[in-house]
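>>> Generate a structure from the sequence data that follows.
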Amino acid sequence: MAQEIVESPMPGIIKSVCVAVGDQVNENDTLCILEAMKMETPLVAPMTGKISEINVSEGQSVKGGEKLFVIES
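From the prediction side, this is the model:
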(Lines give C-alpha, C1' and ligand atoms only; values in the text may rest on other atoms or scores of the structure.)
Protein backbone atom coordinates (compact mmCIF):
# COMPACT_ATOMS: atom_id res chain seq x y z
CA MET A 1 0.00 0.00 0.00
CA ALA A 2 1.49 3.35 -1.07
CA GLN A 3 1.50 6.23 1.34
CA GLU A 4 1.97 9.94 0.70
CA ILE A 5 2.83 12.48 3.40
CA VAL A 6 1.51 15.99 2.79
CA GLU A 7 3.73 18.64 4.39
CA SER A 8 3.23 22.35 4.84
CA PRO A 9 5.06 24.21 2.05
CA MET A 10 5.61 27.25 4.30
CA PRO A 11 4.89 28.53 7.81
CA GLY A 12 1.34 29.72 8.37
CA ILE A 13 -1.99 29.16 10.11
CA ILE A 14 -4.52 26.48 9.19
CA LYS A 15 -7.74 28.37 8.39
CA SER A 16 -9.86 25.28 7.72
CA VAL A 17 -9.52 21.52 7.42
CA CYS A 18 -11.68 20.17 4.58
CA VAL A 19 -11.32 16.40 5.15
CA ALA A 20 -11.63 13.84 7.94
CA VAL A 21 -9.82 10.58 8.69
CA GLY A 22 -11.28 7.86 6.47
CA ASP A 23 -12.38 10.24 3.71
CA GLN A 24 -11.67 9.18 0.13
CA VAL A 25 -9.96 11.97 -1.84
CA ASN A 26 -9.01 12.39 -5.46
CA GLU A 27 -5.85 13.99 -6.75
CA ASN A 28 -6.11 17.81 -6.47
CA ASP A 29 -8.96 17.74 -3.92
CA THR A 30 -8.52 20.47 -1.28
CA LEU A 31 -7.29 19.10 2.07
CA CYS A 32 -7.03 22.38 3.97
CA ILE A 33 -6.60 26.13 3.61
CA LEU A 34 -3.30 27.60 4.81
CA GLU A 35 -2.97 31.31 5.50
CA ALA A 36 0.55 32.61 4.99
CA MET A 37 1.63 36.22 4.46
CA LYS A 38 -2.04 37.36 4.44
CA MET A 39 -2.88 35.00 1.55
CA GLU A 40 -5.04 31.90 1.75
CA THR A 41 -3.56 28.93 -0.11
CA PRO A 42 -5.42 25.64 -0.66
CA LEU A 43 -3.27 22.56 -0.04
CA VAL A 44 -4.37 19.75 -2.35
CA ALA A 45 -4.08 15.99 -2.39
CA PRO A 46 -1.06 14.83 -4.44
CA MET A 47 -2.74 11.48 -5.17
CA THR A 48 -6.03 9.59 -5.01
CA GLY A 49 -6.51 7.64 -1.78
CA LYS A 50 -7.89 7.58 1.74
CA ILE A 51 -6.98 10.03 4.52
CA SER A 52 -5.34 7.90 7.21
CA GLU A 53 -3.89 10.63 9.43
CA ILE A 54 -4.57 14.32 10.15
CA ASN A 55 -2.02 16.15 12.30
CA VAL A 56 -3.51 19.66 12.27
CA SER A 57 -6.65 21.47 13.35
CA GLU A 58 -8.28 24.76 12.47
CA GLY A 59 -6.40 27.75 13.91
CA GLN A 60 -3.15 25.84 14.44
CA SER A 61 0.18 27.44 13.49
CA VAL A 62 2.41 25.22 11.37
CA LYS A 63 6.05 25.37 10.27
CA GLY A 64 7.35 24.78 6.77
CA GLY A 65 7.90 21.06 6.23
CA GLU A 66 5.59 20.03 9.06
CA LYS A 67 3.62 16.80 8.40
CA LEU A 68 -0.07 17.67 7.99
CA PHE A 69 -1.79 14.66 6.38
CA VAL A 70 -1.08 11.06 5.39
CA ILE A 71 -2.89 9.60 2.37
CA GLU A 72 -2.85 5.86 1.59
CA SER A 73 -3.78 4.37 -1.75
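>>> partners of Gln34 in the sheet?
Careful, residue 34 is Leu and not Gln. Ile14, Thr41 (DSSP bridges).
>>> Offset the numbering so it begins at 14, please.
Okay, using 14 as the starting number, the last item reads as Leu47.
>>> That one: what's it in contact with?
Leu47 is in contact with Ser21, Pro22, Met23, Gly25, Ile26, Ile27, Lys28, Glu53, Thr54, Pro55, Leu56, Val75, counting by C-beta atoms under 8 Å, 6 or more residues apart in numbering. Where you see a C-beta, it was placed from the backbone N, CA and C, and this is true even at glycine.
>>> Please name the residues that touch Ile67.
Val30, Val32, Ala33, Val34, Leu81, Phe82.
>>> Narrow those residues to those that are buried.
Val30, Val32, Leu81, Phe82 (16 or more other C-beta atoms under 10 Å).
>>> Would you agree the last one is in contact with Asn68?
Yes - counting by C-beta atoms under 8 Å, Phe82 sits close enough to Asn68 to count as a contact (7.1 Å).
>>> Among the contacts of Ile67, which are located in strands?
Among the contacts of Ile67, the members found in strands (DSSP state E) are Val30, Leu81, Phe82.
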